[in-house]
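A.B. asks: here is my input, please return the structure:
(one chain, ligands or ions: 1)
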Amino acid sequence: MSSDSAVVARAALATSAGQNLCVVGLQWGDEGKGKIVDVLTEQFDIVARYQGGGNAGHTVVIGSDKFVLHLIPSGILHSGKDCVIGNGVVIDPEQLMSEVTELRERGIEVGRNLHISDRAHVVFPYHKRLDELDGRKAEGRRIGTTGRGIGPCYSDKMARTGIRVAELYDREQLRERLKQNVEEKNRLLVKVHGLEPMDWKPIYDDYVRYAEQMREFVGDTISFLNDAAKKGKRILFEGAQGVMLDVDFGTYPFISSSNASPSGVAAGTGISPKLIGRVIGVAKAYCTRVGEGPFPTELKGKLGELLRERGGEYGATTGRPRRCGWFDAVAVRYAITVGGVDALALTKLDVLTGQKKLAVCVAYRCDGRTVEEIPAGASELAKCEPVYEELPGWDADIAACESFEELPPEAKQFMRKIEAVLGVPVEMLSIGEDRNQLVQRTVGSS
Ligand code: IMP
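C.D. replies: The predicted structure is shown next:
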């Protein structure tokens, strides 16, 4: 095999036998994880989500069929695989059931293959109502959330006022907890924000109904996953959002409210951290972000618009246009460190086709200093100017390439530059929307 030898990826990514794997986004979400997870699922028995909620939007294209999943792991599209929504996820039952219905209507089996943690927290309408208030905040304080109630639901979890899936089945307790919670939220909605109060009873009735609809999926996913691991079954942990949106490691406060990095796997599934195994980090060949927050490599002019149009960069959950910019190796290098990333899947390389010059941000200039680490403070990061290394672009259409060797030399050079600045090999290259438009590079090739 030549040093650049590669094979089309459908079949096998080099994961050592018996290992579990975490697939995680290394930027601000929307890296194309859905497709990578979808392709890798064949090698695993179980796909488990460990954090986030209906804010995620995983798009998978199979032939002419496009599936956008928000809560259910994309592993559901493969028959014979078990899918787990772990205790670290926050579940909006209305959203969940509408996904179940849509999948079933499109001929996808959803039944004994879906396992929902009885310890997962539940998103209620008051969470969404409170989340909407984010949009009214003054500039600088607005996060630009997806409005799916994620932050308020995780806030209740930490404040110990949340309601978990198991509690939906204890009607007495549900009634009491819901009454208390709605009363408390009404104080905020009415007195602080001057909005209409909410009524607990219709919410109670809806959630009792949802609970019955969900019942067949709900159970002890911690035992399920640990028993499966003991039996040697292989688990793929599917991250939502990305490390730069992680509540601890992201660009706080412009982040989502969960641990999107692999650190969230153990807490969000009940699996020992020792069982995580390998980590594949997914990064786009450029960079996008939705919502507010610092973005040093953002391209505000025509080039940013071009990337948005060519890359179809509109939010899968909210339809919002994504902000676009050059690849930020400073941010991704940091995400690799905190995520313990072993190898990369570089996605949407085809979107860069036709650019005369490409750029990779290798450092920041901040207050007259050159820094190679991402600063903790959002205001400091907002002041950082990118230091770019320029590379030549390519014109040839790469969407049909079946091997690494077939790529134009400039595309190989771009990818090698990324590997060199990050210190991690690129094992997979995505060159189009479809499942098959994926090239695998043999580990260790130069
Ligand atoms: P939240 O998760 O809805 O609270 O939103 C917090 C921030 O995370 C906002 O900037 C959102 O745009 C961003 N965000 C949340 N989920 C995703 C995602 O799946 N992809 C990209 N950005 C996301």
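A.B. asks: how about the secondary structure of the nearest residue to residue 340 once chain neighbours are set aside?
C.D. replies: Spatial nearest neighbour of residue 340, chain neighbours left out: residue 279 (5.3 Å); criterion: C-beta to C-beta, 6 or more residues apart in numbering. Every C-beta, even on glycine, is put in place using the N, C-alpha and C of the backbone. Following DSSP: H, G, I helix; E, B strand; the rest coil, the label given to residue 279 is strand.
A.B. asks: and residue 279, bridged to which residues?
C.D. replies: residue 22 (DSSP bridges).
A.B. asks: so how many other residues sit close to it?
C.D. replies: Using other C-beta atoms under 10 Å, residue 279 is surrounded by 21 other residues.
A.B. asks: give me the pLDDT value at it.
C.D. replies: Looking at residue 279, its pLDDT reads 97.
A.B. asks: distance of it from the ligand?
C.D. replies: Per C-beta to the nearest ligand atom, to the nearest Å, residue 279 is found 19 Å from the ligand.
A.B. asks: residues touching that residue, list them.
C.D. replies: 21, 22, 23, 24, 262, 339, 340, 341, 342 (C-beta atoms under 8 Å, 6 or more residues apart in numbering).
A.B. asks: try residue 437
C.D. replies: Taking C-beta under 8 Å, 6+ apart as the test, what residue 437 contacts is 350, 399, 400, 430, 431.
A.B. asks: quick check: phi and psi on the third one?
C.D. replies: Main-chain torsions, residue 400, degrees, to the nearest 10: phi -100, psi 0.
A.B. asks: the ligand versus that one, what's the distance?
C.D. replies: 29 Å.
A.B. asks: residue contacts, that residue?
C.D. replies: residue 437.
A.B. asks: what's the helix or strand where residue 381 lies in contact with?
C.D. replies: Applying DSSP states H and E as the criterion places residue 381 in helix 378-383. Contact with helix 378-383 is made by 251, 252, 253, 254, 293, 294, 296, 366, 367, 374, 375, as judged by C-beta under 8 Å, 6+ apart.
A.B. asks: farthest pair in the residues you listed?
C.D. replies: 253 and 367 (21.6 Å; C-beta to C-beta).
A.B. asks: now do the same for residue 112: helix, strand or coil?
C.D. replies: Strictly by three-state DSSP, residue 112 counts as coil.
A.B. asks: what's the distance between it and the ligand?
C.D. replies: On the measure of C-beta to the nearest ligand atom, residue 112 and the ligand end up 28 Å apart.
A.B. asks: for that residue, what are its contacts?
C.D. replies: Residue 112 neighbours (C-beta under 8 Å, 6+ apart): residue 216.
A.B. asks: check what pLDDT it gets.
C.D. replies: Looking at residue 112, its pLDDT is 96.
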